[in-house]
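**Q** Mind looking at a prediction? Sequence and model below.
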Amino acid sequence: MQMKMQIRPSGATSSEQSERHMKLLTVNVGRPEPSEHTDAAGGTGIDKRPVDGPVAVTAPGPKGTGGSGLAGDAVVDLRHHGGDDQAVYAYAREDLDEWERELGRELANGSFGENLTTAGVELTGALIGDRWRVGPRLLLEVSCPRIPCRTFQGWLGEHGWLKRFTQTAVPGAYLRVIESGEIRAGDAVELVHRPAHEVTIQLMFQALTLRRELLPRLLEAGEALPEEARRRVLAYQERKRG
């Protein structure tokens, strides 16, 4: 599948992105529901729905103990999801629109299990360590891409979905919470910090999936690289040396 995504170069400045009128279209949360597509005892919280009014966002704590960063949002499988490096998941409405055309079906905001459905925000070309001010107080930092799982495939019900999603490499972005705050639909998103490297969400996704030879480049992201990803890079390098 060839999707014509408009990826902004990783060297885009804060002012260039601000000109795109970046904002939240919706803030989405999910309740736990039974599912045959997960081994988690409590089911899954992937069915995210837009909510009215403000939602508090805080750092949830380490993976394995902390779930979602959004109040009222369920993360059931704490082994693989949630925690500080996956506190908030964002997906661009523009990319959902591309998938709508590709799949020939409607995809409402929240359809990919995202907490934030954005407009005008570059996610695929976002740099690991980019920081966004969302609303008046919340400060988020881009941490890693979403890696698709069988729950995601079961939820969408598309044949061969994991392969298609992986090959397209438009995964959306997980974010960690640097400063807590409340957010709501319509809040502005401002890029307030851009690090001096070129490790994008798309590059990291490709390195973790189909192009393992890219893994060493992830170390360029420095301290913003999640520890789990760092361990994978080091294990890859060790295997290459052996």
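**A** It's in. Since this is a predicted model, take the numbers as computed values, not measurements.
**Q** mind listing the helices for the chain?
**A** 14-18, 93-103, 150-156, 161-168, 201-208, 227-241 (DSSP state H).
**Q** Keeping just the C-alphas, turn the longest one into PDB.
**A** Right, helix 227-241. Taking Å, rounded to 0.1, in the frame of the first residue of the first chain, the C-alpha atoms of helix 227-241 are listed here in PDB:
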ATOM      1  CA  GLU A 227      15.100   2.800  28.200                       C
ATOM      2  CA  GLU A 228      13.300  -0.200  26.700                       C
ATOM      3  CA  ALA A 229      14.300   1.000  23.200                       C
ATOM      4  CA  ARG A 230      17.900   1.600  24.400                       C
ATOM      5  CA  ARG A 231      18.100  -2.000  25.600                       C
ATOM      6  CA  ARG A 232      17.000  -3.300  22.200                       C
ATOM      7  CA  VAL A 233      19.700  -1.200  20.500                       C
ATOM      8  CA  LEU A 234      22.400  -2.500  22.800                       C
ATOM      9  CA  ALA A 235      21.200  -6.100  22.300                       C
ATOM     10  CA  TYR A 236      21.300  -5.700  18.600                       C
ATOM     11  CA  GLN A 237      24.800  -4.200  18.700                       C
ATOM     12  CA  GLU A 238      26.000  -7.100  20.900                       C
ATOM     13  CA  ARG A 239      24.600  -9.700  18.500                       C
ATOM     14  CA  LYS A 240      26.300  -7.900  15.600                       C
ATOM     15  CA  ARG A 241      29.600  -8.000  17.400                       C
END
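**Q** Tell me how many other residues surround Pro34.
**A** Using other Cβ atoms under 10 Å, Pro34 has 9 neighbouring residues. In this view, the C-beta of every residue, glycine as well, is placed from N, C-alpha and C.
**Q** got it, and Gly157?
**A** By other Cβ under 10 Å, neighbour count at Gly157 equals 9.
**Q** got the contact list for the residue nearest the centre of the chain?
**A** With distances taken as Cα atoms, centre = their mean, the chain has Ala173 as the residue nearest its mean C-alpha position (2.3 Å). When contacts are counted by Cβ atoms under 8 Å, 6 or more residues apart in numbering, Ala173 is found next to Tyr89, Ala90, Leu123, Ala126, Val142, Ser143, Cys144, Pro145, Arg146, Ile201.
**Q** pLDDT weak spots in this protein?
**A** 1-20, 35-42, 78 (pLDDT under 70).
**Q** Now do the residue lying closest to Leu208 once chain neighbours are set aside against Val134, distance only.
**A** Using Cβ to Cβ, 6 or more residues apart in numbering and skipping the chain neighbours, the partner closest in space to Leu208 is Ile147 (6.3 Å). For Ile147, the distance to Val134 (Cβ to Cβ, to the nearest Å) stands at 24 Å.
**Q** now swap in Gly45 and tell me
**A** Relative to Val134, and taking Cβ to Cβ, Gly45 is found at 21 Å.
**Q** For those two, work out which one has more neighbours and name it.
**A** Val134 (27 against 24).
**Q** shouldn't the more buried one be in contact with Asp187?
**A** Yes: proximity of Val134 to Asp187 meets the contact threshold set by Cβ atoms under 8 Å, at 5.7 Å.
**Q** Pull up the overlap in contacts between the two.
**A** With Cβ under 8 Å, 6+ apart as the test, Val134 and Asp187 both reach Leu24.
**Q** and the residue lying closest to Ala188 once chain neighbours are set aside, how many neighbours does it have?
**A** Once flanking residues are discounted, Ala188 sits nearest to Lys23: 5.4 Å by Cβ to Cβ, 6+ apart. Using other Cβ under 10 Å, Lys23 has 17 neighbouring residues.
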